[in-house]
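# below is the sequence, then the predicted model.
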There are 2 protein chains.
Amino acid sequence: MYTIRDVAKLSGVSRSTVSRVLNNHPYVSDEKRKRVEEVMKQLHFTPNQISNHFRLKRTGSIGIIIPYLSHPYFAELAGVLSEESHNYGYKPVLFQTFGDRHQEIDVFEKWKRKELDALIITSSSLNQVELDEMSMNGILVICNEAYKSSKVDVFCLNEKHAAYKSVVYLIKKGRRKIAFCSDYLASPSQQERLLGYKLAHQEHKLTWDEHLIFDKIASIHDGYMLGKKLHQTNDIDAIFAGSDFVAAGYLKAAHECGLSVPNELSIIGFDNHSISDVTSPAITTMTNQVQEMAKDLVHALELRLSGQSKPFERKHYESKLLIKGSA
Amino acid sequence: MYTIRDVAKLSGVSRSTVSRVLNNHPYVSDEKRKRVEEVMKQLHFTPNQISNHFRLKRTGSIGIIIPYLSHPYFAELAGVLSEESHNYGYKPVLFQTFGDRHQEIDVFEKWKRKELDALIITSSSLNQVELDEMSMNGILVICNEAYKSSKVDVFCLNEKHAAYKSVVYLIKKGRRKIAFCSDYLASPSQQERLLGYKLAHQEHKLTWDEHLIFDKIASIHDGYMLGKKLHQTNDIDAIFAGSDFVAAGYLKAAHECGLSVPNELSIIGFDNHSISDVTSPAITTMTNQVQEMAKDLVHALELRLSGQSKPFERKHYESKLLIKGSA
DNA sequence: GTGAAAGCGCTAACAT
DNA sequence: ATGTTAGCGCTTTCAC
């Protein structure tokens, strides 16, 4: 592999001049620039970026922590975050941590060691205090999770309000036994959703049944199994599913149990994934705002990376209810 | 940020000794090792990995080119490839290229400049010759696409056989007007599928209708629109959809057109995605083998990266037909 | 066992 | 406009 040293020697200039040519520095005579470029071509010279990373103390890599890429919502989120990072000239490095604390700490380690210029977290097994501590080690941004930190930038959906709106809608339709599904109830965002669910009940002077709050329901299959189980014995009349996929599985089970949706049972999904359009009936759902979130987030990141300090922000996005058929 | 220089000074040893401690080199006295480790802890010292990358001429990053993360098959593939790379201690760097040649060339550039130790391609707008040329620049592996190169490792499904098996199944069920859907017909893998489709017809002394071969049908929505269009005028009796998502969209349209599936119309999907279990009827589908592919691929990559030279391999995986209901 | 010293490929401050 | 030089943080000979 050739270095600028070789190029310099062959074109009869100094290494600085070669470097200047590489970086489009204005102070190079056209004559030398041309000569250097010719030699570069002739040698098939490609500058070694690693040395640049070393020299400039940055790699241009941005880590993205995602729990599961098999989860359509997170796949979508990973997609838009990668795309935006790439648009800004960064290299998106994706880490699937499967919600595993150790895997996550591995990634933090890389970030601490400067392998990653910044880290975006979309889900974490670390708690508030731990994350606040972490934030001292470099640039950290949180996406999608409703952490209440004032030491990092946070971009997330107004989960509470989203759940609140869905449940109010169900209540207004006369539903009284409303199940609540969560993929991972321990997370701040899911806690917010639950608060919204409860708030809607309180405001309508209704009580909710703790037995209708379900955790670890994440996939089509989970939704299906839950539906099968519930409709053996229970008489719930509505379900706020954590995602359109869960909703789709649940709907399938409801059909098999002979329930008519939305007449006997209402189902509300989440994310407005295209699956919600092809079930029968189509699934009434809440929009996420991943596109906007990702855009704002990477823009904010760019500012931080370029050294502009500003107070940490915490931006909420509003979810919209799309009535399609299942509720 | 502290460097080994600081650690050395504070613990009264040389930089070499600090380095030895960092790398668990055996030739360090217990006494000094302990002293150095204490100072490290005290200083919250973390070694700068970039300098290591520079020194050792490798970054541990593996680039993965994916066309769309919103496409569930590619999301799945990206997921397993990331996971496997991570298992081997590499950093998976994901690039969504949206099938765009320029974006792809950007990634190749990074790889040439040694920002990426290796590159995995799951889809490419470059042709055979261009890729063969590229392969001279470093370590390149192809996954999922049926390139016929002998200059790179290739891991892919036996697409031709998969399509062949599906279509034979349909023919045996008495179907005669079988539509063929592809997301991107120009790609080698889709060309293989088409060959399988044609072969099945030939072997049964049947002709196929070029008008029933559809390109750029990739999403639920595309499948739905195609179904709506076709059943205004056409009388096709089966469809080999490129994916379960397309199949699901198509099925929805078929329902709306009052067609009974699988009585009047048979549908076969691809990938055995969980969506195929929640439609009514469930979608008969072909399995992909992404898990196995990714495992073998990263293992082979590991060998190449560790400098073990062996002939380039080309591994095919067999798809299985899962009969679920729509055909 | 330990330290001194060279050097990875590049950029940028400084001198000219 | 161009060259000289120092140095980024680390590992790895080599000498002792």
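Looks like it arrived, so ask away.

# how many other residues sit next to residue A:235?
Neighbour count for residue A:235, taken as other C-beta atoms under 10 Å in any protein chain shown: 9. For every residue, glycine as well, the C-beta is placed using N, CA and C.

# hang on, I meant residue A:34
Residue A:34 has 13 nearby residues by other C-beta under 10 Å.

# return the distance of it relative to DNA strand C.
Distance of residue A:34 to DNA strand C, given as C-beta to the nearest atom of the strand, to the nearest Å: 18 Å.

# what pLDDT does the model give that residue?
pLDDT, residue A:34: 95.

# same check, this time on residue A:106
For residue A:106, pLDDT reads 89.

# is there proximity between the helix or strand encompassing it and chain B?
Using DSSP states H and E, the element containing residue A:106 is helix A:101-112. Yes - using C-beta under 8 Å from any C-beta of the partner chain, helix A:101-112 reaches chain B at A:103, A:110, A:112.

# buried residues in that helix, which are they?
By neighbour count on 16 or more other C-beta atoms under 10 Å in any protein chain shown, the buried set for helix A:101-112 is A:103-104, A:107-108, A:110-112.

# dump the helix or strand following that helix to CSV, restricted to CA.
Elements were assigned by DSSP H and E; along the chain past helix A:101-112, the next helix or strand is strand A:118-121. C-alpha atoms of strand A:118-121 as CSV (Å, rounded to 0.1, in the frame of the first residue of the first chain):
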residue,chain,number,x,y,z
ALA,A,118,-21.2,9.4,19.6
LEU,A,119,-23.8,6.9,20.8
ILE,A,120,-27.5,6.8,20.2
ILE,A,121,-29.6,4.7,22.5
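
# ok now strand A:118-121, how far from the chain's centre?
Distance of strand A:118-121 from its chain centroid, counting by C-alpha atoms, centre = their mean, to the nearest Å, is 10 Å.

# again with stretch A:18-28
Worked out by C-alpha atoms, centre = their mean, stretch A:18-28 lies 39 Å from the chain centre.

# and the stretch 51-200 of chain A, which residues reach chain B?
Counting by C-beta under 8 Å from any C-beta, the residues of the stretch 51-200 of chain A near chain B are A:51, A:53-54, A:57, A:59-61, A:68-70, A:72, A:75-76, A:78-79, A:82-83, A:86, A:91-96, A:103, A:110, A:112-115.

# so which of the residues you listed are also by DNA strand C?
A:51, A:54 (C-beta under 7 Å from any atom of the strand).

# buried only: go through the residues of the stretch 51-200 of chain A next to chain B for me.
A:51, A:53-54, A:59-61, A:68-70, A:72, A:75-76, A:78-79, A:82-83, A:86, A:91-96, A:103, A:110, A:112-115.

# against residue A:284, how distant is residue A:194?
Distance of residue A:194 to residue A:284, computed by C-beta to C-beta, to the nearest Å: 20 Å.

# between those two, which has more neighbouring residues?
More crowded of residue A:194 and residue A:284, by other C-beta under 10 Å: residue A:284, with 25 against 20.

# what number of residues lie near residue A:281?
The number of residues near residue A:281, taken as other C-beta under 10 Å, comes to 15.

# that's a helix at it, yeah?
No - under DSSP: H, G, I helix; E, B strand; the rest coil, residue A:281 falls outside any helix and is assigned coil.

# any residues of the stretch 51-200 of chain A in contact with DNA strand C? List them.
A:51-52, A:54-56.
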